[in-house]
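Trainee: Predicted coordinates and the sequence they were generated for:
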Amino acid sequence: MSDIPVRLAEVKHAIAEAARAAARPADAVTLVAVSKTFPAEAIEPALIAGQRVFGENYVQEAKEKWPALRERHPGVELHMIGPLQSNKARDAVQLFDVIESLDRTSLAKELAKEMARQQRRPTLLVQVNTGAEPQKGGVLPEQVDAFLAECRDQHGLAVSGLMAIPPADEPPAPHFALLTTIARRNGLAIVSMGMSADYQQAIAMGATHVRVGSAIFGARG
């Protein structure tokens, strides 16, 4: 765990270098440190080192770890980056500042209901299944425009951006290019793409947020 601040600094430096190489400001890219499956004691060194944006995959795990961590380290921005069940919408709206995995009508309805009930408005990203993988969540690319309109017009949801996880067995660049194209076409400012193995390439292709876990925290058990 003593290596975590060093690895975090290395990733931040690499992000800044990749942004500069793409003629983008160094602060144009937000690092989402993916802390899923790691215990609070592994996350704390990153918090002490100044990291404040984190990603979690599971509502229950986040509920167990983050309230106490947030008390000790104010200013955390917590992202939900994993599949979100509709029956977890209440907890997700309460706990997360950004929900990156909006991908279906039933979830849009539940999020709209909970946001109105709690008077809390987390930032919403639509997850796009750029590879049309049947085992993976996300809206198909050709359906994104219609889904964004549905979220806005039928559910009163303001969507701020898009997220994607390219297929593991394909070059990521075409998927990054597709996501950026859809975001630009719809005037969306946030493009969340790129992980530990390919975040520098994602930055070159327009990522505003990269989700990096193992390069910071090490391999998951």
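Mentor: Here it is on my side, so go on.

Trainee: Okay, strands next: where are they in this protein?
Mentor: Taking DSSP state E, the strands of the chain run over residues 30-34, 53-56, 77-80, 98-102, 123-128, 159-164, 190-192, 209-212.

Trainee: Any chance of JSON lines for those strands, columns distance to Ala18 and mean pLDDT?
Mentor: Backbone N, C-alpha and C define where each C-beta goes, glycine included. Below are the strands of the chain laid out as JSON lines (distance: least, Cβ to Cβ, whole Å; pLDDT from 0 to 100):
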{"stretch": "strand 30-34", "distance to Ala18": "11", "mean pLDDT": "98"}
{"stretch": "strand 53-56", "distance to Ala18": "17", "mean pLDDT": "98"}
{"stretch": "strand 77-80", "distance to Ala18": "20", "mean pLDDT": "98"}
{"stretch": "strand 98-102", "distance to Ala18": "21", "mean pLDDT": "98"}
{"stretch": "strand 123-128", "distance to Ala18": "21", "mean pLDDT": "98"}
{"stretch": "strand 159-164", "distance to Ala18": "18", "mean pLDDT": "98"}
{"stretch": "strand 190-192", "distance to Ala18": "14", "mean pLDDT": "98"}
{"stretch": "strand 209-212", "distance to Ala18": "9", "mean pLDDT": "98"}
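
Trainee: so where's the protein uncertain?
Mentor: Residues of the chain that meet the criterion pLDDT under 70 lie in 1, 221.

Trainee: Show me the contact partners of stretch 40-48.
Mentor: 1-2, 4-5, 8, 33, 35, 54, 65, 68-69, 72-73, 76, 216-217 (Cβ atoms under 8 Å, 6 or more residues apart in numbering).

Trainee: at 6 Å what do you get?
Mentor: Residues external to stretch 40-48 that are found in contact with it (Cβ atoms under 6 Å, 6 or more residues apart in numbering): Met1, Ile4, Pro5, Leu8, Ala33, Ser35, Lys65, Leu69, His73, Phe217.

Trainee: what's the burial count for the third one?
Mentor: Look at Pro5: counted by other Cβ atoms under 10 Å, it has 16 neighbours.

Trainee: just the second one next, same as before
Mentor: Summarising burial for Ile4: neighbours were counted as other Cβ under 10 Å, giving 22.

Trainee: and the gap between it and Gly218?
Mentor: In this view, Ile4 and Gly218 are 8 Å apart by Cβ to Cβ, to the nearest Å.

Trainee: Next: the third one.
Mentor: To Gly218, Pro5 is 13 Å away according to Cβ to Cβ.

Trainee: what about the helices in this structure?
Mentor: 4-21, 40-48, 59-72, 89-95, 105-118, 144-153, 173-185, 199-204, 214-217 (DSSP state H).

Trainee: which of those is buried the deepest?
Mentor: When you average the neighbours per residue for each of the helices of the chain (mean count of other Cβ atoms under 10 Å), helix 199-204 leads with a mean of 22.
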